[in-house]
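Participant: Based on what follows, work out the 3D shape:
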Amino acid sequence: MDFSFQPKITKKLILSRFSEEQLMEYYLHIPVKKGLFRSPLRRDKQPTCSFYRNKSGTLIFKDFATGQHLNVFDVVQSIFRCDYFESLRIIANDFGIVQDNTLHKNPGKINLNPIKIKDKEISKIQIEVQEFTDSELKWWGKYGISKDILKRFDVYSCKHVFLNDQLFAKSQQHCPIFGYYGKKYQGLELWRCYFPKRTSFRFITNWPSKKIQGYDQLPKKGKLLVITKSMKDSMCLYSCGITACAPNSENLFIPDKVLEDLKNRFENIVVLYDNDKPGLYNMAKIRKEHPELTYVFIPKKYGSKDISDFYKDHGRKETLNLIKTFILWLKEHRQN
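Facilitator: Predicted structure coming up:
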């Protein structure tokens, strides 16, 4: 019978024995360093990741392409598809803090002298803007978005994008880049860069997670506010006379404090996300937390997953008719 003592596994215990840098290097299999590097968690053709320390001093692995901000326990959960408590067990077993016969030891090398990361957020994104080309304006026009609307929402055509003083991307005719300007924060310009022709990782941003797209363009009061999933959808709705905004990403929602303020400013708030699997999943998750809001999506029969695609597929007249249908339904819903 084994009477050996096994300590209780906690985050505090693990970090008292090994540094966050040592843990990161063990599981990511790359050295913790300053600057940009390719993601070890996915296929990455160019450097899009960096390390930094957040306000509480925690070491964070940031992926600019996916928008992920992961501490080492998040990294382990992502790699092994486990929950937080299982990640503690895995780390404790791999680093010899405990011996758990139910787990196999994951291979890795413990760096005894890792570089200490002291850099704080926010990452620097710099944009060299240019005039919109005719083809770019034509592309936006498919969604009902004019040059005046782009100007109102602080959207720019980007010639070059620099990430932490390194050239990150260059606009090309077949691959334009658009920048959503979010003013300044802690002395740095905030940008959300959109690569519409990419099939994946279409955004990089240094916007704080709580920042809301289209918030600065909202009126002080109104009858209807639509919370959608993107700046493009918000601008498309604006072109149809509907006030709209969007969280920083589809995986996030409006912070509670801001949402309470919006409830006082608008008589009705409707959530309109994509009708695909991620959109419906996120909308269901939000609905659990905020059942007082109204939730709608574009019916599958139209073949368009969001309002801007509906505009492109069916035109302005049909989009206005769809919005009228939603508004009539909303009035009936409120009466009942």
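
Participant: Look up phi and psi at residue 291.
Facilitator: phi -70, psi -10 (degrees, to the nearest 10).

Participant: Revised request: answer the last question for residue 203.
Facilitator: Dihedral angles for residue 203 - degrees, to the nearest 10 - are phi -130, psi 150.

Participant: Kindly state the beta-bridge partners for it.
Facilitator: residue 194 (DSSP bridges).

Participant: From residue 44, how far out is the most centrally placed residue in the chain?
Facilitator: Closest residue to the average C-alpha location of the chain: residue 249 at 3.7 Å, with CA atoms, centre = their mean. In this view, residue 249 and residue 44 are 19 Å apart by CB to CB, to the nearest Å. Yep, even glycine has a C-beta here, placed from its N, CA and C like the rest.

Participant: returning to what we had before: hang on, the residue nearest to the centre of the chain packs against residue 66?
Facilitator: No - Residue 249 lies out of contact with residue 66 (CB atoms under 8 Å); the separation is 9.5 Å.

Participant: coming back round to it: tell me the confidence at the nearest residue to the residue nearest to the centre of the chain once chain neighbours are set aside?
Facilitator: Spatial nearest neighbour of residue 249, excluding adjacent residues (CB to CB, 6 or more residues apart in numbering): residue 67 at 5.5 Å. What the model reports for residue 67 is a pLDDT of 73.

Participant: and what of residue 318?
Facilitator: Reported pLDDT for residue 318: 93.

Participant: Residue 140 too?
Facilitator: pLDDT, residue 140: 97.

Participant: next one: residue 4
Facilitator: 53.

Participant: could you list every residue that touches residue 125?
Facilitator: Residues near residue 125 by CB atoms under 8 Å, 6 or more residues apart in numbering: 161-163, 188-191, 193, 204-206.

Participant: between these, which is nearest residue 34?
Facilitator: Each of the contacts of residue 125 was scored against residue 34 by CB to CB, and residue 163 proved nearest at 13.3 Å.

Participant: ok, the closest residue to that closest one other than its chain neighbours to residue 269 distance?
Facilitator: Ranked by CB to CB, 6+ apart and with sequence neighbours excluded, the top spatial neighbour of residue 163 is residue 125, at 5.9 Å. As defined by CB to CB, residue 125 lies at a distance of 31 Å from residue 269.
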